[in-house]
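# model the structure of this input:
(2 chains)
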Amino acid sequence: MRTIFYTTFICVILLCVNAASVLAQQRQVTGVVTDAEGITLPGVTIAVKGTGTRTVSDVKGSYTINAPGGATLVFTFIGMQSREIAVGTQQSKLDVTLQNATRDLNDVVVVGYGVTKKRDVTGSVGSIKGSDLNRVPSGNVDQLLQGKIAGVQVMAPSGQPGAAATIRVRGYGSRSDANALVVIDGIPLGDAGDIKQVNPDDIESIEVLKDASSSAIYGSRGANGVILITTRKGKSGQSRITLNALTTVSTLGNKLDVFRDPVEFATINNESRINGGEAPQYVGQKIGDFYYPSVAELRGIDPSKPKWPYYTDWAKLVYRNPVSQSYTLTTDGGNDKTIYAISGNYYNEQGLAIKNGYEKYVGRVNLEQKLKSNVTAGINVISTWTKNYGQGLSVDRNIIFPALNNDGSYFHIGSNDYGNPLQIANEVLNQSKTIDLLSSAFVSWDIIKGLNLRSRISNAYGNSISDNYQPRDATGTGYQFQGFGQLSNYSANHLIIENFLTYDRDFGKNHHINFVAGTSYENTNVRTSLIQGQGFVNDILKNENLAGATTYVVANNLTRTVLESYYGRFNYSLFNRYLFTFTARTDGSSKFGDNNKYAFFPTGAVAWKVNEEAFMKDIPQVSELKLRGSYGLVGNQGISPYQSLSLLGSYKYFTDGGFQTGYGPPFFNDGTNVNGKVFNGLGNKSLKWETTRQLDLGIDIGLFDQRFTISADYYYKHTTDLLRLNQIALSSGYSVIQINDGIIDNKGFELGVNAQILQGELSWNVGGNLSINRNKVLNIGGGNSIEDTGVIEAIRAPLNYFINGQPANVFVGYMFDGINQVDGNISPVDNAVQKAGDIKYLAGGPLPVGQNGEYIIGNPNPKFTYSLNTSLKYHRFDFSAQVYGVQGNDIFNFSKFTPSAQLQRWTPDNPSNVYPSVNSTRVNYASTWYVQDGSFLRIQNVNLGYNFKPNALKGISNLRVYFSGNNLYTFTKFNPSYDPEVGENGQFGGNYRKPRAYSLGLNVTF
Amino acid sequence: MKKLKYIALILAATSFTACRKQLEEKPYGFLSTANFYKTEADANSALIYAYSILPDLDYYSRNFITLTEAPTEDMEIAAGKSADNVLLDKLAATSVNGTLRPGFQLPYVGANRANLVITYVPGITTMSEAARNEIVGEAYTLRALHYFNLVRLFGAVPMHLEPVDDPSKTNLPKSSIKDIYDQIISDLTKAQGMMDQVRHVGRINQVGAWGLLSKVYLTLASAKDTGSPGYDFVASADDMYAKAKEYAGKVVNDQTVYGLDPNLSDIYDVNKKSGPEHLLDASTDRTGTNEGLYSKLPKMFMPNLNFKLPNKVFVPGGFNEFLTEAALYNSFDNSDKRKTELIISTIYDVGAGNSPFVGTPQNLSITDAYTRPFSNKYNDSGWQAGDQTSCNTPILRFSDILLVYAEACGPTLEGYNAIKAIRTRAGLGDLPPNLTVKQFRDAVLQERSWELCFEGQRLFDLRRTHNMENILVTKYGKTITGDAYFFPIPQSEVDRNPNLNN
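So this is what the prediction gives:
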């Protein structure tokens, strides 16, 4: 009884006290919770600190809670940084913005066949949230990764809409296929470079698996890194409709270096032909039926002729300020049984060149349903349609003649001229359309506590149709064939069946294990066909009536490849301090030779979370200190099917009144006039994968509850058995054979830093990353050096070489030794007698290339690449900026002798030692004269946004507008008329120009 | 326990038994040596494939003509055209010259294809012996042709007599010039005994093998006779002349399938490819889909203007790369039909486009830097406005063998009669009587220059008669840099074949 009494007493007292305080101070506080972009957040837990009072924000992000004045409210939400805010004594309204918890150690990271917490990662995984991608027009995802993740180099030299990029993860480690593997929502899609299947607005996160331990789960395709893209899913407890719109106006990013004065053009042209031993053209003469005015006539000082009336500014005719648009409409949400995300995107990018552009539609459905308490099933479908049309157009055309004749037809300079860019833009049909359908369905079964089986069947279908028609009047090809039409089809189907078990369990307080074991079977069919028609009665039907052609070419092809694999990953965590990972995969590939069908790739990693040690508890400032190390083998099987077999090809011969078909070792035309045909078909039964051994040592440091973080990695990649086409003796009757031969090393250092300098109302974040890679060819096989490509016509020699002991792709040539000031020097290159004004070469270099020895004259590999970003948030404004830099690479600039440089050419009156004379027939050899420093620092992106007050408009819960500027300015010593971004081989020969883009964006959530 | 059973079941169902068979490569859409060379149709098709290399752009439809004509006084390369070709023209080709590379490689590609036929077709038992012999005989002849080209262009080179079907077989050392000629003679001797005399356009038969053999013997004979470098090994020039006479004599006297075409321009008429002179042509047709199936060779000779030919055919502009040299042009007698009919010196309707023929003439001057009289040997009367022509490149012609016969015979009645037939057709009188052997053979050489110009013979004729310096340097004032008698083996072979000089 006494007990009951006391209890009742205490309760009454407590009730009274509580009631009294309610009466005195308790008030309702209301407000809206949003994320950094102003999107309202449903499901946020709001608690009064130190009490049990809590509530959850509703669908519109609104909440109401009873709190005493002076109390502190705690806002928590998964994936966001928690915030604690004191309520003012009279305050009844409190709108709160939660920041993404990008630095939260509880973040999950996708690692392939599973996820892991960031703090438990043992390997090297770069990660970026979809919301951190720059908001710029981009037809594919690749370019958005530029500068975002340390160790990931993105080279996108072309500004053409829809142009592909080159991605290298930790350097260039393969001669056959150095591209990273792209995996979209678990579907291994293939090479990175043109990830067009995903709408950037749909991306939840992108992870890059960089070290052996992380990428080994993809075995024989992991050696060049793996890019995992995860699309957004719905969240239960919400239902949203979001519209993202982006409109962009672009301008030419660089000043053009073209002739602007017909007199200058004609003078230099005449001088060039005279120096080249040809008759000058611009002397007021007819050549054939075509009249070339004299320089005097162009000047208007020829008394017998009127001043030449024409001057064409091609850039004005050919370039424009293109407008691009992107709209994404998303609806997502769910309840405790079902989650869904459905989105559609329309993307339309115009090119700088007229009649050139890219269009894309992406639709996506993601649906997951809980069938039973322990069984979930789901589907994920992404469909993409793209259309690429038109072409880049030249603005270097002769300015003396008009673009059009008086009757409106296109002007041709002489009878064999088909380079009128206006005509090419208007009359040449050049279009390709693609459809991609990525679909997957899964069932996930929690069998017993901690044990899950997931079965997934996925299919990636891709189709492209390319149309080409070249009228007889517009191009050389069109003229040659009297109309040239082509229709080509490509379709690929990639089926993947996967089953994997995941077991995740704690054993006692000190042991945690997580293992994944699975199998997969992949079957790829690629089917191509081509119909070409040559010779049409007229050009009206374009390529829609190929049956009307005089001559046809028909070609088709089918290849099938199979990959069957077993993979597993075992994670063990001891005392939550010592982490061990073992990952392995066995791949059996049909591409490999009979002698080497199966490949096994084992890796291991360890990590030590120093900050969890007892002796670190005294240093609470250190929120994370982790040491990581991993080592293992990963492979690369980037070769075409059937290379291990001796194949036959077919060709025709005209005899007995018709073409007869013959079969024998095949050849193909490599597309260059110089190298001509490539004879192949010699099989190699021992063909196998490339093997990369990689060591990774890393450290992660976090200070002050992760306000300052540093992550650094050293890696050493040693790639052996390089798959490459070996040039073989001409006398064998073949040109090339696929072999495993050679060793390339990549060593590097990666650093990522981030500092949340200010937090609160004004927040300021600064981050950056640095990638240093040193590439070295240890053994190229079969000799000391090999050229990357065949002879380049402009320099009559190959340029890029792989040389033992040197970085990949170095330039080989002669030293520039000034300009000959007198006639009669003997060139050491070809023993020719040189004239004054010719480039003087220094031969006698150490390389046994050329008749007198050549030098390594340049290295296209950057010393390092880096990126810095900053973001500021104040009240409803936010600002962010990113700069991206490449340092210490050489460019071989084929376009060095620009019109403005030609004005400074060597002449007897201007004995330049910098620029040679102009000469129409001289071929300059590769020399340091062409080599320029390619370093640059670009203001990649600047973004300024404003978030309107939530629910400010009826029916609109969030509204954000922003301005985004892309490619705003580039600091470089390279030729200012060009963008210095080049491809991997460092060659510059005039790319499709990169636009400077100004975008206005709008995000609305209903 | 029950749950564990389920798990076991699921794992069993979802895994698959590893099956090597899954991973076997079945080449869909490709034939491989494993499933070919089984039937007569396969054999025919393998032979067709061997022939199909001949009209390749990098062989007889362009490169071979550049290699064998540009260095001589027949033609020069226009300034500003391919620098490699200009260097060839200036007799200064080095091992890195890009034109030499296909000139070296393509014969090997052809020889490898012939070797496949020679190796695999004898094993096909489902066809008649005669058919098999015909195919294998043609393959032997083709192999001999390729090595005859290689040895005359480059001298000692590797010689593959088996198909290269394994990476270990790709690098052979050089065979000596003697060994190569021995093999050529052995192949041709074998081949001529296997073939019949049935004609197929673009293919060779027994008579062709005789003709080729006579040229091989004549090359050895004249090279030994004149002391041309590299031919010291030949035991007796006279024996070789006798052999050349024997086999050329078979072509001239012992068959009725071929003969001299009475009308010069008919030889080059694309509608008369079955004419009596064609022992072997690199066969093309303008309905082909690629260069190599059709020929663009005529454009190499023609001015870069749009104009009409005397036969009213519209030419939409040539490449103007091969310019006739004054040395050759002025050496003709003005009444020589080979100059008046086979070299075009007047064109019509220049610049008028593809309009009806009006006939406004324009005369071409041999001294002009750009537009000169040009060969009419490559000219397709059915030429459409595009670039495709049906022009075959002659490889072996009857008049060539008739002149081989004359040269082998020397100043005998047979010799005089043979050259007389050629000169009469060209509208020229007889050679002076009672010439010495040397005078006569020099006259035949001169006759060959007029008769066979632009057909890929002149360089070999000058080399085998030790005349490179006498004619090109002394007579025509050219400069020769490097070896006049053999081109250097391309650097890309030197770099890739470590056994080359073993």
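
# rest of the way, CA atoms for contacts and neighbours
Fine.

# at which residues are the helices of the stretch 401-502 of chain B located?
Taking DSSP state H, counting those that start in this stretch as the criterion, the stretch 401-502 of chain B carries its helices at B:413-425, B:437-452, B:458-464, B:491-496.

# check whether the last one contacts chain A.
Yes: against chain A, helix B:491-496 shows contacts by CA under 8 Å from any CA of the partner chain at B:S492, B:E493, B:V494, B:R496.

# avg pLDDT for that helix?
Per-region confidence: helix B:491-496 scores 88 on mean pLDDT.

# run the chain-centre distance for it.
24 Å (CA atoms, centre = their mean, to the nearest Å).

# and what of stretch A:155-163?
9 Å.

# neighbouring strands of the helix or strand A:V516 falls within in the sheet, and parallel or not?
Element membership of A:V516 [criterion: DSSP states H and E] is strand A:511-534. Strand pairing for strand A:511-534, using DSSP bridges, gives strand A:484-507 (antiparallel), strand A:551-574 (antiparallel).

# hey, least reliable of the ones you listed by pLDDT?
Looking at the strands paired with strand A:511-534, the weakest mean confidence is strand A:551-574, a mean of 89.

# what comes up buried for that one?
A:551-552, A:559-573 (16 or more other CA atoms under 10 Å in any protein chain shown).

# packed most tightly, which of the helices of the stretch 401-502 of chain B would that be?
Highest mean neighbour count among those (mean count of other CA atoms under 10 Å in any protein chain shown): helix B:458-464, with a mean of 22.

# would you mind writing the CA trace of that helix as PDB?
The C-alpha coordinates for helix B:458-464 follow below in PDB (Å, rounded to 0.1, in the frame of the first residue of the first chain):
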ATOM      1  CA  ARG B 458      60.300   0.600-117.600                       C
ATOM      2  CA  LEU B 459      62.100   0.500-114.200                       C
ATOM      3  CA  PHE B 460      62.700  -3.200-114.500                       C
ATOM      4  CA  ASP B 461      63.900  -2.900-118.000                       C
ATOM      5  CA  LEU B 462      66.400  -0.300-117.100                       C
ATOM      6  CA  ARG B 463      67.600  -2.200-114.000                       C
ATOM      7  CA  ARG B 464      68.000  -5.600-115.700                       C
END
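
# just checking, next helix/strand downstream of the worst-scoring helix or strand of chain A on mean pLDDT?
Least confident element among the helices and strands of chain A, by mean pLDDT, DSSP states H and E: helix A:2-24 (a mean of 43). Following helix A:2-24 in sequence order, the next helix or strand is strand A:27-35 (DSSP H and E).

# quick one: buried residues of that next one?
Buried, per 16+ other CA under 10 Å, within strand A:27-35: A:R27, A:V29, A:T30, A:G31, A:V32, A:V33, A:T34.

# how close does the first one sit to chain B?
Using CA to the nearest CA, to the nearest Å, we find A:R27 at a distance of 54 Å from chain B.

# what are the bridge partners for that residue, then?
Beta-bridge pairing for A:R27 (DSSP bridges): A:A67.

# so it touches A:G70, yeah?
No: in terms of CA atoms under 8 Å, A:R27 does not count as a neighbour of A:G70; the distance is 10.8 Å.

# let me see the contact set for the nearest residue to B:G353 once chain neighbours are set aside.
With CA to CA, 6 or more residues apart in numbering or on different chains as the criterion, B:G353 has its nearest non-adjacent residue at 6.1 Å, and that residue is B:N306. Residues near B:N306 by CA atoms under 8 Å, 6 or more residues apart in numbering or on different chains: A:G288, A:S415, B:F314, B:V315, B:P316, B:G317, B:G318, B:V350, B:G351, B:A352, B:G353.

# B:R286 versus the residue in the stretch 101-250 of chain B that chain A sits nearest to, what's the distance?
When scored by CA to the nearest CA, the stretch 101-250 of chain B has B:V109 as its residue closest to chain A, at 4.0 Å. Distance from B:V109 to B:R286, counting by CA to CA, to the nearest Å: 24 Å.

# can you report how many residues lie near the spatially closest residue to A:N919 that is not a sequence neighbour?
Spatial nearest neighbour of A:N919, excluding adjacent residues (CA to CA, 6+ apart): A:S272 at 4.1 Å. By other CA atoms under 10 Å in any protein chain shown, the residues close to A:S272 number 20.

# in what helix or strand does A:S272 lie?
When elements are assigned from DSSP H and E, A:S272 belongs to helix A:262-275.

# quick one: contacts of that helix?
With CA under 8 Å, 6+ apart, helix A:262-275 has contacts from A:259, A:279-282, A:295, A:298-299, A:311, A:399-400, A:902, A:917-921.

# those in strands, which ones?
The members of these all map outside strands under DSSP state E.

# residues near A:F704, how many?
13.

# what parts of the stretch 801-950 of chain A come near chain B?
Counting by CA under 8 Å from any CA, the residues of the stretch 801-950 of chain A that sit close to chain B are A:G850, A:S920, A:T921, A:R922, A:V923.

# which among the residues you listed end up buried?
When these are checked for burial by 16+ other CA under 10 Å, the buried set is A:G850, A:S920, A:T921, A:R922.

# farthest-apart pair in the residues you listed, please.
A:G850 and A:S920 (23.6 Å; CA to CA).

# just the element for residue 50, please.
Just so you know, I chose chain A. Counting by DSSP H and E, there is no helix or strand that carries A:G50.

# that's the wrong chain, I meant chain B
Per DSSP H and E: helix B:40-51 holds B:A50.

# try A:Y461
Per DSSP H and E, the secondary structure element for A:Y461 is strand A:451-470.

# so A:R693 makes contact with A:H718?
Yes: with contacts counted by CA under 8 Å, A:R693 reaches A:H718, the gap being 5.1 Å.

# report the contact partners of the closest residue to A:F948 other than its chain neighbours.
Nearest-residue entry for A:F948: A:L959, 5.4 Å, with adjacent residues in sequence omitted and distances by CA to CA, 6+ apart. Contacts were defined as CA under 8 Å, 6+ apart; by that measure A:L959 touches A:G38, A:I39, A:N947, A:F948, A:K949, A:P950, A:L1002, A:N1003, A:V1004, A:T1005.

# show the model's pLDDT score for A:L959.
pLDDT recorded at A:L959 is 92.

# could you check how far B:T284 is from A:G478?
21 Å.

# repeat that for B:G155.
As defined by CA to CA, B:G155 lies at a distance of 43 Å from A:G478.

# on that earlier part again, which phi and psi does the residue of the stretch 101-250 of chain B closest to chain A have?
phi -60, psi -40 (degrees, to the nearest 10).

# also the one 3 residues further on?
Reported as degrees, to the nearest 10, the phi and psi values for B:N112 are phi -60, psi -40.
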